[in-house]
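1. Pasting the sequence and the predicted coordinates here, then a few questions.
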Amino acid sequence: MNWNADLYDQKHAFVYQFGENVVELLDVKPGERIHDVGCGTGYLTQQIKNQGADVIGTDYSPEMIAQAQKLFPEIKFAVADAGDFHFDEPFDAVFSNAALHWVKNQDGMMQSVYNSLKTGGRFVAEMGGKGNVQKLIAATKAILEKYGYHERATISQWYFPSLGEYASRLESHGFRVVFASHFDRKTPLQDGDQGVSKWIEMFGSVYFEGIPDNDKKHMLAEITEILRPDYEENGQWYADYKRLRFIAVRE
Ligand code: BEZ
């Protein structure tokens, strides 16, 4: 998927604003060596650096890394595959916010994180958990079906695990899960009743690739109407996010 890094920064700032709480959970100690996996445009990488860490941010998207490097030239960034990476020098902590649900090779990612940590090092992350944007996905699939795009309605591009499933998976890679939480986070969307369309255009474009613009416009409007009763409150729109947070330690 190609990312529009400018649109991401302008309209989806909530991704890293909520992520600031995850940086608190990371609890940086000055001088620690930290890897921010799926760093996007680098806003949280910078927060981590500001707390005195020696940090590197990586992302699968060259567009995101180019933007991050432009915004924060003093920080190290690199394009890397979260599902398969290697560093010669180990880290005190690996951090990730709102990225792991995109990773196809979860086992490769967990093993790469584990291998890259010092003994006693921690993996601190937040991602979409079971049920995340469930209403939005259901509405999108219903409309794809209605317009005859049956194959696209079967696309499943994100992995939103339950707490039990993910904790077990981390354990199977050798981690000790010392904290985990699965919780609702009603997440504000920008631009009023355009917010659902904008969110889908930013993150769910795979569902609409190759669909004529006119069809797409009608479909997005219908998806928005399906979601209105659940998503709209006095003109403000909210998405049904569910988060999974954890701290897992390499012992
Ligand atoms: C999330 O942070 O939950 C999310 C972001 C983009 C697409 C899907 C989920």
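-> Perfect, thanks for sending it. Residues are numbered from 1 along each chain as shown.
2. Where does the stretch 51-200 of the chain get nearest to the ligand, which residue?
-> Taking C-beta to the nearest ligand atom, the ligand has its nearest neighbour within the stretch 51-200 of the chain at residue 128, 3.4 Å off. (Glycine included, C-beta is placed from N, CA and C.)
3. Could you count how many residues lie near the residue lying closest to that residue once chain neighbours are set aside?
-> Counting by C-beta to C-beta, 6 or more residues apart in numbering, residue 101 is the residue found nearest to residue 128 once chain neighbours are left out, at 4.1 Å. As a burial measure, residue 101 scores 19 neighbours (other C-beta atoms under 10 Å).
4. Let the chain start at 47 from now.
-> Sounds good: first residue 47 from here, last item residue 147.
5. can you pull the pLDDT of residue 151?
-> The per-residue pLDDT reported for residue 151 equals 98.
6. so the residue of the stretch 97-246 of the chain closest to the ligand bridges to which residues?
-> residue 289 (DSSP bridges).
7. what about residue 234, which SS state?
-> Of the three states, residue 234 takes strand according to DSSP: H, G, I helix; E, B strand; the rest coil.
8. Would you list the phi and psi of the residue nearest to it when sequence neighbours are not counted?
-> Of all residues not flanking residue 234 in the chain, residue 284 sits nearest, at 5.6 Å (C-beta to C-beta, 6+ apart). Phi and psi for residue 284, reported as degrees, to the nearest 10, are phi -130, psi 140.
9. picking up where we left off before, these two touch, right, the residue of the stretch 97-246 of the chain closest to the ligand and residue 206?
-> Yes. The criterion here is C-beta atoms under 8 Å, and residue 174 meets it with residue 206 at 4.6 Å.
10. anything in contact with each of the two?
-> 147, 288, 290 (C-beta atoms under 8 Å, 6 or more residues apart in numbering).
11. Look up the closest residue to the last one, ignoring the ones flanking it.
-> Right, the one you point to is residue 290. The shortest distance from residue 290 to any non-neighbouring residue, by C-beta to C-beta, 6+ apart, is to residue 175 (3.2 Å).
12. can you pull the contacts of the one you found?
-> Counted by C-beta under 8 Å, 6+ apart, residue 175 has contacts 206, 207, 208, 209, 212, 228, 229, 288, 289, 290.
13. still on that earlier bit, could you report the pLDDT at the residue nearest to residue 174?
-> Per-residue pLDDT puts residue 147 at 98.
14. Spell out which parts of the stretch 47-196 of the chain neighbour the ligand.
-> Residues of the stretch 47-196 of the chain lying near the ligand by C-beta under 6 Å from any ligand atom: 144, 147, 174, 178, 179.
15. Mind exporting the C-alpha coordinates of the helix or strand where residue 95 lies to PDB?
-> Taking DSSP states H and E as the criterion, residue 95 maps to helix 89-96. Taking Å, rounded to 0.1, in the frame of the first residue of the first chain, the C-alpha atoms of helix 89-96 are listed here in PDB:
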ATOM      1  CA  TYR A  89       6.200  12.000  15.700                       C
ATOM      2  CA  LEU A  90       6.500   9.500  18.600                       C
ATOM      3  CA  THR A  91      10.000   8.600  17.700                       C
ATOM      4  CA  GLN A  92      10.800  12.200  18.400                       C
ATOM      5  CA  GLN A  93       9.000  12.100  21.700                       C
ATOM      6  CA  ILE A  94      11.100   9.100  22.600                       C
ATOM      7  CA  LYS A  95      14.300  10.900  21.700                       C
ATOM      8  CA  ASN A  96      13.200  13.900  23.700                       C
END
